[in-house]
Each structure stands twice: as structure tokens, then as C-alpha cells.
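# my questions concern the predicted model and sequence given below.
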Amino acid sequence: MRNKGRYQMSRDWLEEHQIAFYFAAVVAAAIAGLSSAQFTGLTAMAITPAIAVLMYAMFLQIPFLELREAFANRRFVGALLLANFLLVPLMVWLVTWPLSSNKALLVGALLVLLTPCIDYVVVFTHLGKGDSRLVLAATPLLLLLQLLLLPLYLRLILGPEAGTVIELWPFAEAFLLLIVLPLVAAVLTEFGGRRSLLLRAWSAGWAWLPVPAMALVLIVVVGSQIAAVVYQLDILAPLLPVYGAFLLLAPALGVLSSRLFGLEASAARAVAFSSGTRNSLVVLPLALALPESIRGLAAAAVITQTLVELIGELIYLRAIPAMIKNR
């Protein structure tokens, strides 16, 4: 019992301090990425595998065989989908108008702002007194819908130009490698764990890994792209007011959606965090698969959003609970 207690305390300590780990990972990756071209190249190759490992670790925390109960909260699911796939896309279409003259910046901003986060949003929701279990349970649905709807959103916003930047294979590849394979592996692991002590031990070991896996993804993503961001700051500057407007408006749309569905405070906070937190880590491979003429700048636009958002999340931790108080 004593060893089990130490095990749980160690995991709890890791989870309680994960924000510090993430910021340390970002700082270390930025320093290394700016200091070593070799590090930049190695981390660029590791992006997709690292994200796939993170997705598997995250999916293993979801009780897929018991999801019926989680999705019984239809009002939460309705509010989450309304905010992320109708209200926020409409707002993104408006706030990205100033980027219309630069296709690379516009495409990069659209890729990241139209896709709700499915990883560290769970962490920030928990720290911001929201119902992180609801967000975690909705992760597969959010990930599936955003990759299915993203090509449609891009065609609606970009118009005829969408055909020059959108290719079906990068989306299909991301869907297979980052969603289908980790998801199927996690479901099979959970199912097999009901009969196998070995698989249960395997799952218990992976329960430690979401925090280290997230830190690893931040390292490879920031490390591979930070030099491009720093060396193009003057070109990327128009993104800052766009991302600032998004950080301000998106949680408010989540609050509006929650009120329309009559959610209680913790569920409403979860919707607000989901509305304001974006999926830059998963869409970066899509940006890197764009045509060469816009690839580099679009990827830098995605990473710029990540850096802005990490600061914004610290504000959210105080602002969202203040906006949505317990009745």
C-alpha cells in the first residue's frame, strides 16, 4: 500500500507541476533551436512520431468502453460543437480579414484557429476549475470533426484559391497517423486489458506519459520552427493582433454557447477553454505539407499562435472562472 501511495503521489506531483514542465520545455527548445541547425533538423523529423505517441497516451486515459455515460450530457456536447464548429469559425473568418493580402499567413492562421485543441486543453480546463473529464471524453469527436470540416472551412474562406493550397493526401495522412492508429491502438489496449494482466500493467505505465509526451511534442515543435519565427518576426507581426483578438473573443463565444444550452459552471468553463484553445501541435504537419511557396511561413504562423496562446492560457486560468461563477 505504501508503494502504491508513493506511486500515486508521484503522478499527482507530476500533473500538478505540468505547466512548469511545459514552459521549461518551450524555453529549452527555443534556445536549442536557435543555437543548433542540427537540433532543428532532428526535431523536424520527430514531429509526427512524437504527436502520435502523445495521442496514444491521451487516448489511453479515455474509458472508450464507457463513453456512453460520458456522452449522456447532450447539452455539453451541443454547446461544445456549436462554439467550436459554428461560432468560432464565423469569428475566425472575420478576424483574419486583415491577412488576406498574404496567403501564407492567412492559411497558417486558418489552419490553427479553426481546429480546437485536444491535448493540453484538458490540463488548462482542470486548472481553470472546469470539468476536464467532459473535455477528455469529447476528444475523439473534436479531433474527427475538425479534420473532416477543416477542408470545407478553407474552401469557404479562401474561395477559388483553396484548390492551390489544399491537397487531400496530407489531411488523410494526418487522420490515419495521428488519429486512427493511436485511437485503434488505445481501444484495443483497453479491451485487451480486461483479460490480460500484462496489458493492464502496460496501461498503468502509460498513465505516467501524457505529461512527458506533451513536453516532448512541445520540444520538437518549437525546436524545429523557432528559428523561422524569430528570423521572420517582421513578416509575422500582422498575426499578433489577429491572435490577440481570437484570445479575447473565443472564450466569450464559448460562454454564449454554454448559456444557450443552460450549462452549469464547470461544464461552461470547459466549453470556454475549448473555444479559446487551439490545435497547433496536430495541424503543424498539415502546414508543413503545404506547397513549398507558402510552407515555411504558414508553419511559422502556426507556431507563433502556440507561443501567444501559452501566455493567453495563464490569463484564462483567472479570467474564465471569474466570467463563469458557480450559481
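Received it, and whenever you're ready, just let me know what you need.
# CA only for contacts and neighbour counts going forward, please
OK.
# chain center to the host helix or strand of Val222, what's the gap?
Assessed by DSSP states H and E, Val222 sits inside helix 210-231. Taking Cα atoms, centre = their mean, to the nearest Å, one finds helix 210-231 lying 13 Å from the centre of the chain it belongs to.
# Ile62 - that's part of a strand, no?
No. According to DSSP: H, G, I helix; E, B strand; the rest coil, Ile62 belongs to no strand; its state is coil.
# surely it and Leu136 touch.
Yes. Applying Cα atoms under 8 Å, one finds Ile62 in contact with Leu136, separated by 6.8 Å.
# among these two, which residue is more densely surrounded?
Leu136 (23 against 19; other Cα atoms under 10 Å).
# leaving out chain neighbours, which residue sits closest to the more buried one?
Nearest residue to Leu136, sequence neighbours excluded (Cα to Cα, 6 or more residues apart in numbering): Val122, at 6.2 Å.
# cool, Val88 as well?
The shortest distance from Val88 to any non-neighbouring residue, by Cα to Cα, 6+ apart, is to Ala250 (6.3 Å).
# next, that neighbour: secondary structure please.
Secondary structure state of Ala250, per three-state DSSP, is helix.
# how much space between it and Ala30?
From Ala250 across to Ala30, the span is 28 Å (Cα to Cα, to the nearest Å).
# contacting residues around the residue nearest to Val88?
By Cα atoms under 8 Å, 6 or more residues apart in numbering, the contact list for Ala250 reads 88, 91, 272, 275-276.
# looking at neighbours, which among the residues you listed is most surrounded?
Neighbour counts for the contacts of Ala250 (other Cα under 10 Å) peak at Ser275, which has 33 neighbours.
# show me what the one helix or strand that residue maps to is in contact with.
Using DSSP H and E, Ser275 maps to helix 265-276. For helix 265-276, the external contacting residues (Cα under 8 Å, 6+ apart) are 76, 79-80, 83-84, 88, 116-117, 121, 124-125, 128-132, 134-135, 246-247, 250-255, 258-259, 316, 320-321, 324-327.
# could you redo the last one with a cut-off of 6 Å?
Residues outside helix 265-276 that contact it (Cα atoms under 6 Å, 6 or more residues apart in numbering): 80, 84, 125, 130-131, 247, 250-251, 254-255, 258, 324, 326.
# separate out the buried members of these.
80, 84, 125, 130-131, 247, 250-251, 254-255, 258, 324 (16 or more other Cα atoms under 10 Å).
# show me the two of the residues you listed that sit farthest apart.
Asp131 and Leu247 (20.3 Å; Cα to Cα).
# how about Ala300, what does it touch?
Shown in contact with Ala300 (Cα under 6 Å, 6+ apart): Val229.
# what residues of the one helix or strand it maps to count as buried?
Using DSSP H and E, Ala300 falls within helix 292-323. By neighbour count with 16+ other Cα under 10 Å, helix 292-323 contains the buried residues 294-306, 309-310, 312-313, 316-317, 320-321.
# please apply the same query to stretch 206-219.
Using 16+ other Cα under 10 Å as the burial criterion, the residues of stretch 206-219 that qualify are 206, 208-219.
# between those, which is closest to Ile51?
The shortest gap between Ile51 and any of those belongs to Val217, at 6.1 Å (Cα to Cα).
# how much space between the residue lying closest to that closest one once chain neighbours are set aside and Ala162?
Using Cα to Cα, 6+ apart and skipping the chain neighbours, the partner closest in space to Val217 is Ala50 (5.6 Å). Look at Ala50 and Ala162: by Cα to Cα, they are 29 Å apart.
# low-confidence ranges, this protein, go.
1-11, 64-71, 164, 166, 168, 171, 327 (pLDDT under 70).
# 80 instead, please
Applying pLDDT under 80 to the chain picks out residues 1-17, 62-72, 160-175, 179, 326-327.
# that older thread, next, the angle from the helix holding Ala300 to helix 210-231.
Angle, helix 292-323 to helix 210-231, by axes from the mean of the first three to the mean of the last three Cα atoms, to 10 degrees: 120 degrees.
# tell me what angle helix 292-323 forms with helix 265-276.
Using the same axes, to 10 degrees, helix 292-323 lies at 160 degrees relative to helix 265-276.
# just to revisit the earlier point, next SSE after the helix holding Ser275?
Downstream of helix 265-276, the next assigned helix or strand under DSSP H and E is helix 280-288.
# so the helix or strand hosting Ala50 versus helix 280-288, what angle?
Following DSSP H and E, one finds Ala50 within helix 37-59. Using the same axes, to 10 degrees, the direction of helix 37-59 lies 130 degrees away from that of helix 280-288.
# which elements pack onto helix 37-59?
Under the contact criterion of 3 or more Cα pairs under 6 Å, 6 or more residues apart in numbering; DSSP states H and E, helix 37-59 touches helix 210-231.
# quick one on the thing from earlier: who has more neighbours, Ala50 and Ala162?
Using other Cα under 10 Å, the more surrounded residue of Ala50 and Ala162 is Ala50, with 21 against 17.
# give me the distance between the more buried one and Val282.
Between Ala50 and Val282 the computed distance is 10 Å (Cα to Cα).
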